[in-house]
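> curious how this folds, go ahead:
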Amino acid sequence: MVLIRLGLTAHEIDLLDVHDGMFVETILGQATDQQKQKWLKKAQNFEIIGTYAQTELGHGTFIRGLETTATYHPETEEFVLHSPTLTSAKWWPGNLGKTTNYAVVLAQLYTKGKCHGIHPFMLQTRSLEDHMPMPGVQLGDIGPKFGYASNDNGFMLLKNVRIPRENMLMKHSQVQPDGTYTRKGSDKLTYGTMVLIRAFLVSDTGRGLAQACTIAIRYSAVRHQSEMKPGDPEPQILDYQTQQYKLFPLLAASYALWFTGRYIRETYLEIQAQMHDGDYSQVPELHALSAGAKAFSAWVASAGIEACRLACGGHGYSQASGLPRIYLDVVPACTYEGENTVMMLQTARSLIKSFSKAQKGEQISGTTAYLGQSVTKTFIIDAGSPVALDVLLSAYQHRAARLIKNAAINMQHRIQSGKPQEVAWNMTSVDLVKAANAHIHYFVVQQFADMVESAEVVTVNQPVLMTLCQLYALYGISTNSGEFMEGGFITSHQMELVHSKVLDLLADIRPNAVALVDSFDFHDRILNSVLGRYDGQVYENLYKWALESPLNETEVHESYYKYIRPLVKGGGLSKL
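Numbering: from 1, shown residues only. Next up is the predicted model:
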């Protein structure tokens with residue numbers, strides 16, 4: 001009963017999520033066939049339980065700066081794993097503190113006196129007999145956090161821990177018995193697990209936003225407040241345009257993120273199959289795309305969930321709403337698996353490379369192909385008809401291409417004025433983040449539009465999804481009006497029409513709003529929200545929730561006898 005009340009079963013991370021999603025996936029993606037035979041079945045059968053130890057006390061997103069070392073000794077054919085400083089302590093890995101007994105450790109590989117960068121190593125962290133830490137391994141929990149109280153995020157310090165040469169995961173890089181190092185494919189292959197996790201995070205953050213929208217929209221259909229006309233019944237607050245303006249664009253965003261996450265996951269699997277055949281050409285594109293999409297979705301979902309909470313008024317502040325717990329679930333995505341701003345800058349670096357190729361007349365493919373194409377310069381919109389999706393996409397292309405070009409030119413001017421390239425990059429970083437955000441925004445709109453027009457959509461649902469897609473795209477233009485109007489692509493009069501169409505679409509979506517959140521098919525047990533109950537019995541269950549408060553177990557709380565009674569019976573505060 002306590003677990004259900006606190007929402008742990010519905011929202012707290014499962015202790016096997018990191019094991020399945022990162023430890024096992026790393027073995028699948030980074031281990032040789034021989035290594036898979038050694039560890040994969042044991043991991044899948046939970047004979048060993050692992051985590052992914054990358055982040056350190058002093059370094060997170062800057063992977064190349066990790067300090068943990070793995071030094072190869074050819075005379076014994078062993079690696080020595082070591083934490084040379086306090087800041088090199090592994091910090092934050094899920095379930096590392098007290099639960100797991102194995103870890104994939106990311107460390108700087110040294111052999112024959114040369115550092116070859118970050119590589120993954122398999123390390124047993126605890127005994128399989130008594131669960132005590134292995135020799136040279138210091139483990140612990142990092143302490144209370146903002147959320148995820150049930151997860152033992154841990155720390156680990158290593159003191160000259162020896163492991164066999166075969167414990168280096170060698171699918172993409174090898175160290176021979178004599179210490180000779182070889183690599184095949186992109187150096188980003190080492191980060192394959194992160195790319196996969198970022199792909200899943202886009203869907204996960206979209207799911208969190210969808211849950212929040214479900215709660216807020218259902219509650220807004222139950223809640224009646226004020227009067228539109230004196231003497232009339234109080235309307236549902238979902239009938240107020242201001243409430244629709246708060247919630248419906250977020251509903252559209254949750255669909256957009258859902259479709260985008262699915263596309264990135266499927267693309268990852270396709271590229272993984274290509275890598276199996278020796279084709280690594282698409283890896284850099286996927287790395288840049290997943291980094292930016294992860295950041296974009298985390299920002300949108302975190303802000304959106306808070307907006308949903310505010311849209312529920314005072315009851316949204318109660319744990320009974322389920323919204324605080326969803327927020328705590330999603331907001332860490334802004335920093336884990338890569339801090340968002342740094343992720344956008346990684347995307348920006350790829351965009352600048354693509355822009356440079358386009359300027360040289362080289363052919364560009366993938367999501368940046370528009371940089372080598374002429375974007376339609378006409379934005380067609382009128383008051384009497386829907387805006388075509390290709391017109392909306394051209395607006396997003398134009399915005400992204402212009403911001404990328406401006407960032408590239410600004411950086412080049414600084415380099416030409418004598419600034420070193422790294423200084424020029426830092427001085428242009430705000431522009432670069434804006435450019436990357438615009439590119440990912442375009443990509444998300446494109447995924448939504450592609451899904452609406454795909455054969456997967458049932459014909460009867462297509463008009464509703466089309467309306468939702470148009471709202472998402474037009475709302476994005478409206479709320480970023482300056483970036484779309486700069487350069488003259490959209491005029492001030494056309495922007496007024498965009499604002500007007502957004503409001504018209506709110507009224508079009510209103511009849512289907514509850515059905516659109518119901519289609520997510522979240523069980524009440526998953527939402528764990530009194531406000532978002534499927535049966536709409538909100539007030540009766542809010543009262544039940546209140547009655548179950550531990551403070552109501554007695555009519556007179558013990559604090560009365562300790563503090564209040566002496567104050568009252570003693571004649572109030574004593575006078576000095």
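
> show me where the stretch 251-400 of the chain has helices.
283-311, 323-330, 340-359, 389-416 (DSSP state H, counting those that start in this stretch).

> show the pLDDT at M451.
If you check M451, the pLDDT there is 93.

> now do the phi/psi pair for it.
phi -70, psi -40 (degrees, to the nearest 10).

> how about S549?
Per degrees, to the nearest 10, the backbone of S549 is at phi -60, psi 140.

> returning to that earlier point: specify the stretch among the helices of the stretch 251-400 of the chain that is closest to D431.
helix 389-416 (4.1 Å; C-beta to C-beta). (C-beta placed from N, C-alpha, C; glycine too.)

> which other helices and strands does the closest one contact?
Using 3 or more C-beta pairs under 8 Å, 6 or more residues apart in numbering; DSSP states H and E, the elements in contact with helix 389-416 are helix 340-359, helix 421-427, helix 429-452, helix 462-479, helix 481-485.

> and those helices as TSV, adding mean neighbour count and distance to I142?
Putting the helices and strands packed on helix 389-416 into TSV (neighbours: other C-beta atoms under 10 Å; distance: least, C-beta to C-beta, whole Å) gives the following:
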stretch	mean neighbour count	distance to I142
helix 340-359	20	21
helix 421-427	14	31
helix 429-452	23	29
helix 462-479	21	38
helix 481-485	17	40
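
> buried ones in stretch 534-546?
In terms of neighbour count (16 or more other C-beta atoms under 10 Å), stretch 534-546 has its buried residues at V538, N541, L542.

> ok, now which ones touch the closest residue in space to the last one that isn't next to it in sequence?
Excluding the flanking residues, the one nearest L542 by C-beta to C-beta, 6 or more residues apart in numbering is V530, at 5.3 Å. Shown in contact with V530 (C-beta atoms under 8 Å, 6 or more residues apart in numbering): S318, A320, S321, G322, V538, N541, L542, W545.

> any low-confidence regions in the stretch 301-450 of the chain?
For the stretch 301-450 of the chain, the stretches with pLDDT under 70 are 375-377.

> which residues of this protein fall in strands?
50-53, 69-73, 78-82, 90-91, 102-111, 114-124, 137-141, 154-158, 161-164, 173-175, 181-183 (DSSP state E).

> so what does the longest one touch, helix or strand wise?
For strand 114-124, the packing partners by 3+ C-beta pairs under 8 Å, 6+ apart come out as strand 78-82, strand 102-111, strand 161-164, strand 181-183.

> what about 6 Å?
strand 102-111 (3 or more C-beta pairs under 6 Å, 6 or more residues apart in numbering; DSSP states H and E).

> one more: the first one?
With contacts defined as 3+ C-beta pairs under 6 Å, 6+ apart, strand 50-53 has these neighbours: strand 102-111.

> and the angle for the strand it packs on with strand 154-158?
40 degrees (axes from the mean of the first three to the mean of the last three C-alpha atoms, to 10 degrees).

> other residues contacting strand 102-111?
The list of residues contacting strand 102-111 from outside it, by C-beta atoms under 6 Å, 6 or more residues apart in numbering, reads 26, 48, 50-54, 68-72, 115-116, 118-121, 123-125, 175, 179, 181.

> list the contacts of T26.
V104, T193.

> measure it to V283 for me?
16 Å (C-beta to C-beta, to the nearest Å).

> what do you get for T68?
For T68, the distance to V283 - C-beta to C-beta - is 24 Å.

> so for the two, which sits in the more crowded spot?
T68 (25 against 21; other C-beta atoms under 10 Å).

> T87 is in contact with the more buried one, correct?
No. T68 lies out of contact with T87 (C-beta atoms under 6 Å); the separation is 10.2 Å.

> in this structure, where is pLDDT below threshold?
1-15, 185-192, 375-377, 455, 571-576.

> around Y245, count how many other residues there are.
Each residue near Y245 was counted by other C-beta under 10 Å, and the total is 14.

> scratch that, T100 is what I was asking about
Count around T100 with other C-beta under 10 Å applied: 27.

> that one contacts A53, doesn't it?
No. Assessed by C-beta under 6 Å, T100 is found out of contact with A53, at 9.4 Å.

> name the residues contacting each of these two.
By C-beta under 6 Å, 6+ apart, no residue touches both T100 and A53.

> can you list the buried residues of stretch 534-546 in TSV and add distance to I364?
Listed next are the buried residues of stretch 534-546 as TSV, based on distance: C-beta to C-beta, whole Å:
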residue	distance to I364
V538	52
N541	55
L542	55
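
> keep only those of those that are in helices.
V538, N541, L542 (DSSP state H).

> now, among these, which is nearest to H413?
V538 (58.2 Å).

> that closest one reaches V222, doesn't it?
Yes. Applying C-beta under 6 Å, one finds V538 in contact with V222, separated by 5.0 Å.

> what is in contact with those two at once?
Joint contacts of V538 and V222 (C-beta under 6 Å, 6+ apart) do not exist.

> buried stuff in stretch 517-537?
Here stretch 517-537 shows V517, F520, F522, I526, L527, N528, S529, V530, L531, G532, R533 as buried, counting by 16+ other C-beta under 10 Å.

> go on, stretch 227-247?
Buried-residue list, stretch 227-247, by 16+ other C-beta under 10 Å: I237, L238, Q243, Q244, K246, L247.

> that one: end-to-end distance?
For stretch 227-247, the first-to-last residue distance is 20 Å (C-alpha to C-alpha, to the nearest Å).

> next one: that stretch to chain centre, how far?
Centroid separation for stretch 227-247 versus its chain: 34 Å, with C-alpha atoms, centre = their mean, to the nearest Å.

> contacts for that stretch?
Residues contacting stretch 227-247 (C-beta under 6 Å, 6+ apart): A216, I217, S220, A221, R223, H224, Q225, A307, A311, L506.

> sorry, back to before: so which of the buried residues of stretch 534-546 is the closest to L328?
Of the buried residues of stretch 534-546, the one sitting nearest to L328 (C-beta to C-beta) turns out to be L542, at 20.9 Å.

> distance of that closest one from L531?
L542 is 8 Å from L531, by C-beta to C-beta.

> then F489?
Taking C-beta to C-beta, one finds F489 at 42 Å from L531.

> same check on R126?
Counting by C-beta to C-beta, the gap from R126 to L531 is 42 Å.

> likewise M411?
48 Å.

> chain neighbours aside, what residue packs nearest to Q30?
L169 (4.1 Å).

> so the one you found touches I118, yeah?
No. Applying C-beta under 6 Å as the test, L169 and I118 come out as separate, 11.7 Å apart.

> these two: which is more packed in?
Each of L169 and I118 has its neighbours counted (other C-beta under 10 Å); L169 has more, 22 against 19.

> which ones are touching the more buried one?
Neighbouring residues of L169 by C-beta under 6 Å, 6+ apart: Q30, A31, P120.

> among those, which one is most surrounded by other residues?
Busiest of the contacts of L169 [other C-beta under 10 Å] is P120, holding 31 neighbours.

> from the chain's centre, how far out does stretch 541-553 sit?
Centre-to-centre, stretch 541-553 and its host chain are 34 Å apart (C-alpha atoms, centre = their mean).

> ugh, wrong one, I meant stretch 422-430
On C-alpha atoms, centre = their mean, the centre of stretch 422-430 falls 25 Å from that of its chain.

> how about stretch 293-311?
10 Å.

> next, the buried residues of that stretch.
Applying 16+ other C-beta under 10 Å to stretch 293-311 flags 293-302, 304-309, 311 as buried.

> what's opposite the residue nearest to P135 when sequence neighbours are not counted in the beta bridge?
Spatial nearest neighbour of P135, chain neighbours left out: V161 (7.4 Å); criterion: C-beta to C-beta, 6+ apart. Per DSSP bridges, the residues bridged to V161 are L81.
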